[in-house]
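Everything below, folded, please.
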Amino acid sequence: RIRDAEARYNAYPFELSGGMCQRIVIALALACDPKLLIADEPTTGLDITTQKTVMDLIADLIAERGMSAIVITHDLGLAAQYCDRIAVMKDGEVVEEGSAERLFSAPRNAYTRKLVDATPRAGASVRSLLPAELRTPAPVLEPTRAPLLEVRDLVKTYQGKSGPVHAVKGISFSVGKGQSVGLVGESGCGKSTTSSILVRLADPTSGEILFNGKDLAKTPARDFARDPRRPKIQMVFQDATDSFNPRHTARQSIGEPLARLTGLPAGQRRDRIGELADLVGLPRPLLDRFPHQLSGGQKARVGIARAIAVDPEFLILDEPTAALDVSIQAIVLNLLVDLRAKLGMSYLFVSHDLHVVRLLCDHVIVMRDGEIVEEGPADQVMETPAHPYTQELLAAAPAPPVLAEPASSAAE
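Residues are numbered from 1 along each chain as shown. Alright, predicted model coming up:
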């Protein structure tokens with residue numbers, strides 16, 4: 001089901017979207033007419049609509065070819081929607097197995113219940129995703145209406161082989177001080193391009209980026225590394241592994257912005273790195289490990305520590321929990337809520353997980369084909385979407401499993 005397949009035949013991976021690459025991998029797996037298809041995290045990193053398309057394709061192929069499939073995933077909603085039976089593993093053992101309906105509605109194992117409790121869902125709070133022993137009172141967040149960042153008529157046009165490609169088409173929005181704004185939309189809608197421009201890794205074709213009232217777009221991206229405003233805008237990248245130098249320890253990665261953007265002497269930098277590790281909940285002995293020696297959750301913490309090392313006012317979070325299981329995701333999301341309250345930062349949270357966006361964000365912006373099609377308070381956009389595309393996104397999102405009996409969080 002690749003559109004215009006003949007034209008795509010000689011394309012390289014970097015010329016294809018994430019969903020298209022995923023279809024190529026499925027075609028490779030089907031080439032030998034297998035009886036068993038093992039799909040290992042087949043939709044991680046894909047937007048909601050592409051995820052549904054890929055999983056529907058796999059389900060149809062299984063039915064047409066009479067295949068069996070093992071779907072390995074940390075997305076409980078996806079597993080509940082597409083799988084007949086579920087096996088839950090912990091520490092190398094299957095701790096529970098059963099039909100999807102029975103296992104998720106009435107789990108018998110404490111670990112299964114923990115996973116279900118940690119899955120973002122409507123009506124939950126970010127604290128309720130944590131195990132009872134880890135919950136503390138949620139911090140009071142007081143965002144202001146005063147704008148920290150104002151984007152006005154932002155345009156980005158690339159020159160392609162067959163003519164101009166309009167990646168961003170004159171969008172405008174603002175982020176208030178202490179506010180968390182969600183940016184959602186399918187792959188290719190312009191989210192990443194917008195993020196790269198705002199963090200000043202790319203230049204806009206036209207438009208203004210007012211940060212504390214001054215236009216950042218007047219400073220070219222190639223010169224912004226030396227701009228005194230550089231420390232105030234930082235980013236947590238989607239792929240924690242690829243965003244680190246594999247030859248640098250966690251200590252070196254966290255310390256790099258301190259060395260490049262501050263005048264702190266070596267001794268003070270060392271103390272600051274320790275403080276940052278404590279702040280993000282990373283045990284100090286792990287600071288001397290390399291990226292391949294850290295778990296996904298630990299690398300996510302290192303990425304956050306590096307981003308906040310220079311006390312930014314504005315933080316862009318690009319899918320920071322996309323590759324994490326739900327229990328680690330819950331911890332990272334609570335960490336972000338706490339840091340926002342303690343440090344007074346503003347967030348632009350780029351994600352395709354609408355349930356996570358609802359938990360973390362005050363305001364939501366929906367993009368499609370380089371344009372903003374809807375925006376408003378998070379609850380309003382998620383509960384009563386006005387635009388058909390927003391309705392389509394919400395309909396495509398797998399429904400999280402719900403316990404038949406009250407979860408431990410509800411009982412408390």
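
Tell me how many other residues crowd L141.
For L141, the neighbour count with other C-beta atoms under 10 Å is 13. Quick note: C-beta positions are derived from backbone N, CA and C, even for glycine.

thought it was touching R340?
Yes. Under the criterion of C-beta atoms under 8 Å, L141 makes contact with R340 at 6.5 Å.

between the two, what contacts are shared?
Here L141 and R340 share the contacting residues G178, scored by C-beta atoms under 8 Å, 6 or more residues apart in numbering.

which regions of the stretch 251-400 of the chain sit below the pLDDT cut-off?
Counting by pLDDT under 70, the stretch 251-400 of the chain shows no low-confidence range.

at 80 what do you get?
322-324, 399-400 (pLDDT under 80).

And the strands in it, which stretches?
Secondary structure of the stretch 251-400 of the chain (DSSP state E, counting those that start in this stretch): strands at 314-318, 346-350, 363-368, 371-377.

where's I86 relative to R102, distance?
9 Å (C-beta to C-beta, to the nearest Å).

the more surrounded of the two?
Set side by side, I86 and R102 show more neighbours around I86, with 21 against 13, by other C-beta under 10 Å.

what are the phi and psi angles of that one?
Torsion angles at I86 (phi, psi; degrees, to the nearest 10) stand at phi -120, psi 140.

Nearest to R284 among the strands of the stretch 251-400 of the chain would be which one?
Checking the strands of the stretch 251-400 of the chain against R284 by C-beta to C-beta gives strand 314-318 as the closest, at 23.2 Å.

helices or strands up against the closest one?
In terms of contacts (3 or more C-beta pairs under 8 Å, 6 or more residues apart in numbering; DSSP states H and E), strand 314-318 is packed against helix 191-198, strand 233-236, strand 346-350.

Now with 6 Å, please.
strand 233-236, strand 346-350 (3 or more C-beta pairs under 6 Å, 6 or more residues apart in numbering; DSSP states H and E).

ok, back up a step: could you export the strands of the stretch 251-400 of the chain to a markdown table, including columns for mean neighbour count?
Output for those, formatted as a markdown table (neighbours: other C-beta atoms under 10 Å):
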| stretch | mean neighbour count |
| --- | --- |
| strand 314-318 | 23 |
| strand 346-350 | 25 |
| strand 363-368 | 23 |
| strand 371-377 | 17 |
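
care to break this structure down by domain?
Domain segmentation of the chain under automatic domain parsing yields 5-125, 147-399.

closest to L134 out of those domains?
domain 147-399 (7.5 Å).

The strands of the stretch 251-400 of the chain into TSV, with extra columns for distance to A396?
Listed next are the strands of the stretch 251-400 of the chain as TSV, based on distance: least, C-beta to C-beta, whole Å:
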stretch	distance to A396
strand 314-318	21
strand 346-350	18
strand 363-368	13
strand 371-377	15
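
So which of the ones you listed is nearest T262?
So among the strands of the stretch 251-400 of the chain, strand 314-318 is nearest, using C-beta to C-beta, at 17.2 Å.

Please work out how many residues are found near the nearest residue to K35 once chain neighbours are set aside.
With sequence-adjacent residues excluded and distances taken as C-beta to C-beta, 6 or more residues apart in numbering, K35 is closest to M67, at 6.0 Å. Residues near M67, counting by other C-beta under 10 Å, number 15.

coming back round to it: tell me which of the strands of the stretch 251-400 of the chain sits nearest to E93.
strand 314-318 (34.1 Å).

Quick one: residues in contact with stretch 366-381.
166-169, 171, 184-185, 189-191, 358, 361, 364-365, 386-387, 389-390 (C-beta atoms under 6 Å, 6 or more residues apart in numbering).

Drop anything exposed from these.
Among the contacts of stretch 366-381, those buried by neighbour count (16 or more other C-beta atoms under 10 Å) are 166-169, 171, 184-185, 189-191, 358, 361, 364-365, 389-390.

S128: which of those is nearest?
For these, the residue nearest S128 by C-beta to C-beta is R358; the value is 13.0 Å.

Leaving out chain neighbours, which residue sits closest to the closest one?
Closest to R358 by C-beta to C-beta, 6+ apart is M382, at 5.0 Å.

try L348
Ranked by C-beta to C-beta, 6+ apart and with sequence neighbours excluded, the top spatial neighbour of L348 is I316, at 4.8 Å.

for that neighbour, which residues make a bridge with it?
Beta-bridge partners for I316, by DSSP bridges, are M235, L348.

Name the helix or strand for A80, please.
Using DSSP states H and E, A80 sits within helix 76-82.

Can you point out the buried residues in that helix?
So for helix 76-82, counting by 16+ other C-beta under 10 Å, buried means 76-80, 82.

And for P204, the neighbour number?
Neighbours of P204 (other C-beta under 10 Å): 22.

residues touching it, list them.
P204 neighbours (C-beta under 6 Å, 6+ apart): 154, 156, 197, 217.

same thing with R200?
221, 224.

tell me which element it falls in.
R200 belongs to no helix or strand, assigned by DSSP H and E.

Over to the one 3 residues further on?
Secondary-structure assignment from DSSP H and E places D203 in no helical or strand segment.

State the distance from the closest residue to it other than its chain neighbours to K156.
Spatial nearest neighbour of D203, excluding adjacent residues (C-beta to C-beta, 6+ apart): A221 at 4.9 Å. From A221 over to K156 the distance is 12 Å, taken as C-beta to C-beta.
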